[in-house]
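Visitor: For reference, the sequence and a predicted model appear below.
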Amino acid sequence: NAGVTQTPKFQVLKTGQSMTLQCAQDMNHNSMYWYRQDPGMGLRLIYYSASEGTTDKGEVPNGYNVSRLNKREFSLRLESAAPSQTSVYFCASSESWLAGETQYFGPGTRLLVL
Amino acid sequence: AQSVAQPEDQVNVAEGNPLTVKCTYSVSGNPYLFWYVQYPNRGLQFLLKYITGDNLVKGSYGFEAEFNKSQTSFHLKKPSALVSDSALYFCAVRDRDTNAGKSTFGDGTTLTVKP
C-alpha cells in the first residue's frame, strides 16, 4: 500500500496564478483532510471531507476550494494564489470521522508563491 | 473550543538519557489525545494515542505518554533517547464528547538528541 500520496511535491507560483494539489489514499478511508503547516504554527485545518460526497470548512478556508472526487481522491484548489499561501500542504485520511481515529498523512507539497 | 500547548519549542537531550516532551490541552468535553512525529521533509507519522482506559499509553519506537486529567497533560516520554529520535513532535487533541474528527495540533517541539 502506498498510503497517502500527494502531487506535486514542490511548486512555485506567481501571485494570481491558480493550481490544484492532488491527494489520493489507497486505504479505503472514508475521511480526508487538508492542512497547511507554517513555521512555529503547527498544522491548521483548511478543509475536510468526513465522507464521500461531503466537504466542510476548517479553520483557515479562505482562498481555497476542495473537491472530493471519489472515495480515494481529495483535491485542493487555489484559484488566485497569494504570497500568504506560501506553505507546506499536507493531506491526511482516517478510517472514519469518529474522534478516536488515527490520521495518516501524505509526504506534503511545498508551495512557494512569489 | 479546544486547544493544545507545547510549552517548549526545543528539547535537547543526550543519547541514552530519558526524554520528555510536554503537552497540555484544553477541551470542552473529554479528550482524545495523539502524538505524531515528523522527520525532515516528511509527513507526520502516528506515534500513540489515548482513547480510554489505562492512563499510560505505549506506542511506536519505545515511546510512551501519560494522560493526567487533573493536570490536563499528555507528556511524551522515552526512557533512553536515541540520536534517531531527533525530529519534530506534535501533540493533538479531539473532543470525545462531540465525537468529531477535527483535530487541534500544538505548534510542535523540536527534539534534538546528541551523541
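Guide: Arrived safely, thanks for sending.

Visitor: Retrieve the pLDDT associated with the residue nearest the centre of chain A.
Guide: By CA atoms, centre = their mean, chain A has its centre lying nearest to residue A:34, at 2.7 Å. Here the pLDDT value assigned to residue A:34 is 97.

Visitor: Might you report the residue contacts of it?
Guide: Contact analysis of residue A:34 by CB atoms under 8 Å, 6 or more residues apart in numbering or on different chains lists A:21, A:23, A:45-48, A:58, A:64, A:66, A:74, A:76, A:89-92. Quick note: C-beta positions are derived from backbone N, CA and C, even for glycine.

Visitor: among the residues you listed, which are in reach of chain B?
Guide: A:45, A:48, A:58, A:90, A:92 (CB under 8 Å from any CB of the partner chain).

Visitor: what about residue A:82, neighbour count?
Guide: The number of residues packed near residue A:82 is 13, by other CB atoms under 10 Å in any protein chain shown.

Visitor: can you give me the strands in the chain?
Guide: Since you didn't name a chain, this refers to chain A. A:4-7, A:10-13, A:19-25, A:31-37, A:43-49, A:56-57, A:64-68, A:74-78, A:87-94, A:104-105, A:109-113 (DSSP state E).

Visitor: my bad, the chain I had in mind was chain B
Guide: B:3-5, B:10-14, B:19-21, B:24-26, B:31-38, B:44-50, B:56-58, B:64-68, B:73-78, B:87-95, B:104-105, B:109-114.

Visitor: show me what contacts residue 14?
Guide: Just so you know, I chose chain A. A:81, A:113-114.

Visitor: should've been chain B
Guide: By CB under 8 Å, 6+ apart, the contact list for residue B:14 reads B:81, B:113-115.

Visitor: gap between the nearest residue to residue B:107 once chain neighbours are set aside and residue B:10?
Guide: Leaving aside its sequence neighbours, residue B:107 sits nearest to residue A:42 (CB to CB, 6 or more residues apart in numbering or on different chains; 4.4 Å). Separation of residue A:42 from residue B:10 (CB to CB, to the nearest Å) stands at 15 Å.

Visitor: List the beta-bridge partners for the closest residue to chain B within chain A.
Guide: Residue nearest to chain B within chain A: residue A:105 (3.6 Å; CB to the nearest CB). Using DSSP bridges, the bridge partners assigned to residue A:105 are residue A:92.

Visitor: Surely it is in contact with residue B:44?
Guide: Yes: under the criterion of CB atoms under 8 Å, residue A:105 is in contact with residue B:44, at a separation of 4.3 Å.
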